[in-house]
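> Fold the stuff below for me.
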Amino acid sequence: MARVKLTVLESNCRGGYCKKGDVYHVEDLCPPICHELWNYIYPSLYALQNGARLDCGEGRAKAFVVRCPDGGRVVVRGEAEE
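Numbers count the residues shown, from 1 in each chain. Now for the predicted structure:
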């Protein structure tokens, strides 16, 4: 499976898990982020690990941008690493 780079673009995390600028390289283990955000990110991350191109901005890319389900308090960009 491909690695996926997660970058925290914005953060107002209540739990203090994510800070703006945090970067995680994910292969098979969950990075140290809250479970709610991980459960929200995981389907897109898994798709990228398996070669998918997702709707991202104006087109399709090996990337995604997700807002935290807690009112969008955290914004994360995921992109497949070649």
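
> Do I have it right that residue 33 meets residue 17?
Yes - if you go by Cβ atoms under 8 Å, residue 33 and residue 17 touch, sitting 5.1 Å apart. All C-beta atoms are positioned from the backbone trio N, CA, C, and that covers glycine.

> So those two - more neighbours on which side?
Between residue 33 and residue 17, counted using other Cβ atoms under 10 Å, residue 33 has the larger neighbour count: 21 against 18.

> tell me what the least confident helix or strand in the chain by mean pLDDT is packed against?
Least confident helix or strand, the chain: strand 54-56 with a mean of 84, by mean pLDDT, DSSP states H and E. Here strand 54-56 is seen to pack against helix 35-49, strand 63-67 when contacts are counted using 3 or more Cβ pairs under 8 Å, 6 or more residues apart in numbering; DSSP states H and E.

> can you tell me which of the ones you listed comes nearest to residue 80?
Relative to residue 80, the nearest member of the helices and strands packed on strand 54-56 by Cβ to Cβ is helix 35-49, separated by 4.5 Å.

> Show me what that closest one is in contact with.
Here helix 35-49 makes contact (Cβ atoms under 8 Å, 6 or more residues apart in numbering) with 1-4, 6, 17-18, 26, 30-31, 33, 54, 62-64, 66, 68-70, 74, 76, 78-80.

> May I see the buried residues of that helix?
37, 38, 40, 41, 44, 45, 47, 48, 49 (16 or more other Cβ atoms under 10 Å).

> can I get the CA coordinates of that helix in PDB?
Extracted in PDB, the C-alpha atoms of helix 35-49 (Å, rounded to 0.1, in the frame of the first residue of the first chain):
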ATOM      1  CA  HIS A  35     -10.700   8.800  16.900                       C
ATOM      2  CA  GLU A  36     -13.600  10.900  15.600                       C
ATOM      3  CA  LEU A  37     -11.300  12.600  13.100                       C
ATOM      4  CA  TRP A  38      -9.600   9.400  12.200                       C
ATOM      5  CA  ASN A  39     -12.900   7.600  11.500                       C
ATOM      6  CA  TYR A  40     -13.800  10.500   9.200                       C
ATOM      7  CA  ILE A  41     -10.500  10.500   7.300                       C
ATOM      8  CA  TYR A  42     -10.000   6.700   7.100                       C
ATOM      9  CA  PRO A  43     -12.200   5.900   4.100                       C
ATOM     10  CA  SER A  44     -10.500   8.500   1.900                       C
ATOM     11  CA  LEU A  45      -7.100   7.600   3.200                       C
ATOM     12  CA  TYR A  46      -7.700   3.900   2.500                       C
ATOM     13  CA  ALA A  47      -8.800   4.700  -1.100                       C
ATOM     14  CA  LEU A  48      -5.600   6.700  -1.700                       C
ATOM     15  CA  GLN A  49      -3.500   3.800  -0.300                       C
END
